[in-house]
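> quick one: sequence and predicted model below, then my questions.
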Amino acid sequence: MKSAVRIEAFLEMMSAERGAADNTLASYRRDLEDAAEAVGDLAAAQTADIRTYLGEIAARGFASSSQARKLSALRQFFKFLYMEGLRADDPTGTLDSPRKERSLPKTMSEAETGRLIDRAATEAGDPALGDAARLAALRLHALVEVLYATGLRVSELVSLPLSVALRDERFFIVRGKGDKERMVPLSAKAREAMRAWLGERGTMPAYEDNPYLFPAASESGHLPRQIFARDLKALAARAGISAAKISPHVLRHAFASHLLHNGADLRAVQQLLGHSDISTTQIYTHVLEERLVRLVNDHHPLADKTS
């Protein structure tokens, strides 16, 4: 069958000229053979045939990401045929890629977040802890308080400079993605937790000249984000919260969601999170929608107060 020969030639080109990995080649093969089975002679397929096929896989329940991947394989295949002079056109040229669904970010309720922070504070203040355990508890409490107070990215959090804790100011400047600086507020509780950690940090001679607030014997010189993520999950479990539903990124989302839920402006949250584009922040639009519905139901004179 001509399609099978053309597919093999395409895969040979991808391997020899593009250096495609075995997994990539296997994925292309599956997608192209699936299309050939549906269309017939794939090498001679027209735009209407490809559009019908894409409609069929959507009806079969394939996620939009899978649909987009299959269309991408077809684009590569027909581009190859065109470049090799085996076709005079590209039937995928006028086809739109399936729109990917924007999944809602995982987050935590305000009650869960409060429980997590309370647990961290309780452990940090436990007088029965040994030196090593006290050190770890104070550090974790400071990390959790600062993360929920600021919504920092985990990479920004673990690499905070020591100077942030030395100034005792309500705001500090953080350097984020693209080397851009932004001003971040710091709550009284977060400043207090940082001061407590700073006092313990000062007893560690090995880190006397380390410039980071959360130093570690790592290649970077600061606490690896994987260690913080592991410690955070363990803390969640001790607080009675499923470890599977929490990560540093989830706490960042909680920061943004709780701000919006309590009346913050989307633009302000964009600036606090360090998003360069408002469209990135718009994943939280559902929070605004819920707030607006509640606002109307609570305050509009014709709203049904019983619903």
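Cool, the structure landed. Numbering: from 1, shown residues only.

> tell me which element the residue most central in space within the chain falls in.
For the chain, residue 249 is the residue whose C-alpha lies nearest the centre (Cα atoms, centre = their mean; 6.4 Å). If you go by DSSP states H and E, residue 249 is part of helix 248-261.

> so what secondary structure elements neighbour that helix?
Applying 3 or more Cβ pairs under 8 Å, 6 or more residues apart in numbering; DSSP states H and E, one finds that helix 248-261 makes contact with helix 110-124, helix 131-150, helix 154-158, helix 225-238, helix 266-273, helix 285-299. C-betas here are computed from N, CA, C, even on glycine.

> list the buried residues for that helix?
By neighbour count on 16 or more other Cβ atoms under 10 Å, the buried set for helix 248-261 is 248, 250-261.

> would you turn those residues into a markdown table with distance to residue 48 and pLDDT?
Formatted as a markdown table, the buried residues of helix 248-261 follow (distance: Cβ to Cβ, whole Å; pLDDT from 0 to 100):
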| residue | distance to residue 48 | pLDDT |
| --- | --- | --- |
| 248 | 48 | 94 |
| 250 | 45 | 91 |
| 251 | 49 | 92 |
| 252 | 46 | 91 |
| 253 | 43 | 88 |
| 254 | 48 | 89 |
| 255 | 49 | 90 |
| 256 | 45 | 87 |
| 257 | 45 | 85 |
| 258 | 50 | 88 |
| 259 | 49 | 86 |
| 260 | 45 | 81 |
| 261 | 48 | 81 |
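
> can I get the residues you listed in JSON lines including distance to residue 213?
JSON lines is the format used below for these (distance: Cβ to Cβ, whole Å):
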{"residue": "248", "distance to residue 213": "15"}
{"residue": "250", "distance to residue 213": "22"}
{"residue": "251", "distance to residue 213": "17"}
{"residue": "252", "distance to residue 213": "18"}
{"residue": "253", "distance to residue 213": "23"}
{"residue": "254", "distance to residue 213": "22"}
{"residue": "255", "distance to residue 213": "19"}
{"residue": "256", "distance to residue 213": "23"}
{"residue": "257", "distance to residue 213": "26"}
{"residue": "258", "distance to residue 213": "24"}
{"residue": "259", "distance to residue 213": "24"}
{"residue": "260", "distance to residue 213": "28"}
{"residue": "261", "distance to residue 213": "29"}
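
> so which of the residues you listed comes closest to residue 154?
Closest approach between the buried residues of helix 248-261 and residue 154, by Cβ to Cβ: residue 248, at 3.8 Å.

> could you find the closest non-adjacent residue to that closest one?
In this structure, residue 248 finds its nearest non-sequential neighbour in residue 154, 3.8 Å apart by Cβ to Cβ, 6 or more residues apart in numbering.

> with that, I have no additional questions.
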